[in-house]
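[1] sequence? don't have it. structure:
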């Protein structure tokens, strides 16, 4: 039997882990240990953990030391705990004016719009670029949908709506048509990354996405903050955006349409029909962007628990969480305590649990703390494109982005539900906790496409991503919406995402323990997780 003194030490996350019985290993995951790591990662000293900053250096060094102290092996075959991620940084100063309907207007950056440039030039000038409204900018053959209708937009500035077309169900207009763009669930066509990709494919010179808080699922303040300061891209990345990608405030978009003698609300309604045709806004945009540019190596932090089986140890289960946040702007630090110091801290707690097993699982466990998730999932994308271990031998990715800080929940939300056989494992171990698995309560936000697991799914690896933000134990039904909505409106990507005295990580610990059990089952199991035939990623691994 373990002494009470040793057990207390383990639960506090403050001492070396003794060998525990397998069923006790999850007890190594503790609120105290989780919070201690969050406090360090979200401290003034780490300066908001921006890629390419002193905050990155401290974060990478600290995480490396923690993984080594836990007894994990360096995750890079070169003997280090880091994977270099070559990136290009540009700090843009954009200027935008338009001449529409005989009126000229100059917009203010970043209050009215944000924009950057994707090319190598330090100075970008685009003059007299015709402005064209292309609805939602979606080309989705499986839905019989094409917002471009063959219209040539090369060299033009296109304006697009965020999210998917919200098409009412003809049988019940109070809900969205489930046969079109998955109804209430956002598809990848609704993500801003897709909209920039299609703009580049169509040859547009610039693309402006109209920000609307409800369909975007976050206020313009998030866009504003993200558009200020350094903008990152992979140094060897492909052309996944037009020369100038940007966002425009809804009020300014309405002014633009009005200047053209058009009604924004009417055109938005027209964009919900398959027969929508692109509409010229009867004017031109003039762009000027000056860039401060640098090249840098950012880093994924990678640690490994080698598998115990001589053959299966060359197969892998990946746990991931992004370590980066928005950094420091002026005298304000964007701490990113929940997003995602909490998920990074969860990686360390998971590592404690795996090391607490009496014997390592058959397959190897890879812990990856990714960089530049906030800049477009760049660290995960780089690993997926340049894996340290073959993707063909990677069974699953379990991603963690934000830990529940508001108490226990009677259920776990399965963001990646319906895509793979991991559904069954999640349900099995949730039931063992006395909890049930439910679908994403906010499918309209497109959470599947907004976190690192997307990049693993894109190369064929079955993924698991959960949230605990509903049905809080002992709380009124309205509580979940209150705490989540407050965080999204006031703290998400703001300096106020900092450590709070009233946090309750009892539910967060329960969630991490659940993900531990699922990953352990995969690592020891006879069957690989499989994509469901209905998943859009199923063809990537057969």
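    That came through, no problem. Everything numeric here is computed off the predicted structure, so don't read it as measured data. Residues are numbered from 1 along each chain as shown.
[2] surely residue 109 meets residue 116?
    No - in this structure residue 109 lies outside contact range of residue 116 using Cβ atoms under 8 Å: 10.6 Å. (Glycine included, C-beta is placed from N, CA and C.)
[3] what do those two both touch?
    94, 227 (Cβ atoms under 8 Å, 6 or more residues apart in numbering).
[4] With neighbour numbers in mind, choose between those two.
    residue 116 (21 against 18; other Cβ atoms under 10 Å).
[5] how much space between that one and residue 203?
    19 Å (Cβ to Cβ, to the nearest Å).
[6] now swap in residue 38 and tell me
    Distance from residue 38 to residue 203, by Cβ to Cβ: 45 Å.
[7] Pull the contacting residues for residue 211.
    Residue 211 touches 162, 220, 223, 247, 248, 249, 250, counting by Cβ under 8 Å, 6+ apart.
[8] neighbour-wise, which of residue 38 and residue 203 wins?
    A direct count of neighbours by other Cβ under 10 Å for residue 38 and residue 203 places residue 38 higher, at 27 against 12.
[9] from what I can see that one touches residue 337, true?
    Yes - using Cβ under 8 Å, residue 38 is in contact with residue 337, at 5.8 Å.
[10] Spit out the residues that contact the two alike.
    Common neighbours of residue 38 and residue 337 (Cβ under 8 Å, 6+ apart) are residue 499.
[11] how does this protein divide into domains?
    According to automatic domain parsing, the chain comprises the domains 28-87+297-540, 88-293.
[12] most tightly surrounded among those?
    domain 28-87+297-540 (a mean of 20; mean count of other Cβ atoms under 10 Å).
[13] Distance from the chain centre to that domain, please.
    11 Å (Cα atoms, centre = their mean, to the nearest Å).
[14] go on, stretch 110-121?
    On Cα atoms, centre = their mean, the centre of stretch 110-121 falls 21 Å from that of its chain.
[15] who touches it?
    90, 92, 94, 96, 107, 109, 124, 206, 208, 223-224, 226-228, 231, 233, 239, 241-249, 252, 287, 289, 291.
[16] can you map out the helices along the stretch 401-542 of the chain?
    422-432, 453-457, 479-486, 506-524 (DSSP state H, counting those that start in this stretch).
[17] follow-up on the earlier one: among the contacts of residue 211, which are in helices?
    Among the contacts of residue 211, the ones falling in helices (DSSP state H) are 220, 223, 250.
[18] Which member of these is positioned nearest residue 417?
    residue 223 (28.3 Å; Cβ to Cβ).
[19] Can you pull out the low-pLDDT segments for the stretch 301-450 of the chain?
    Nowhere does the stretch 301-450 of the chain drop to pLDDT under 70.
[20] I meant to write the stretch 151-300 of the chain there.
    In the stretch 151-300 of the chain (pLDDT under 70), no residue qualifies.
[21] got the contact list for the nearest residue to residue 463 once chain neighbours are set aside?
    Once flanking residues are discounted, residue 463 sits nearest to residue 453: 3.9 Å by Cβ to Cβ, 6 or more residues apart in numbering. Residue 453 makes contact with 320, 380, 397, 399, 416, 463, 464, 465, according to Cβ under 8 Å, 6+ apart.
[22] what are the bridge partners for the first one, then?
    Here residue 320 sits in beta bridges with residue 368, residue 399, going by DSSP bridges.
[23] Equivalent analysis for the last one, please.
    The bridge-partner assignment for residue 465, based on DSSP bridges, gives residue 399.
[24] That one reaches residue 448, doesn't it?
    Yes - the criterion here is Cβ under 8 Å, and residue 465 meets it with residue 448 at 7.0 Å.
[25] what is in contact with the two at once?
    Counting by Cβ under 8 Å, 6+ apart, the residues touching both residue 465 and residue 448 are 415, 416.
[26] separation between the most centrally placed residue in the chain and residue 401?
    Closest residue to the average C-alpha location of the chain: residue 451 at 2.1 Å, with Cα atoms, centre = their mean. According to Cβ to Cβ, residue 451 stands 4 Å off from residue 401.
[27] Need the residues touching each of these two.
    With Cβ under 8 Å, 6+ apart as the test, residue 451 and residue 401 both reach 322, 373, 465.
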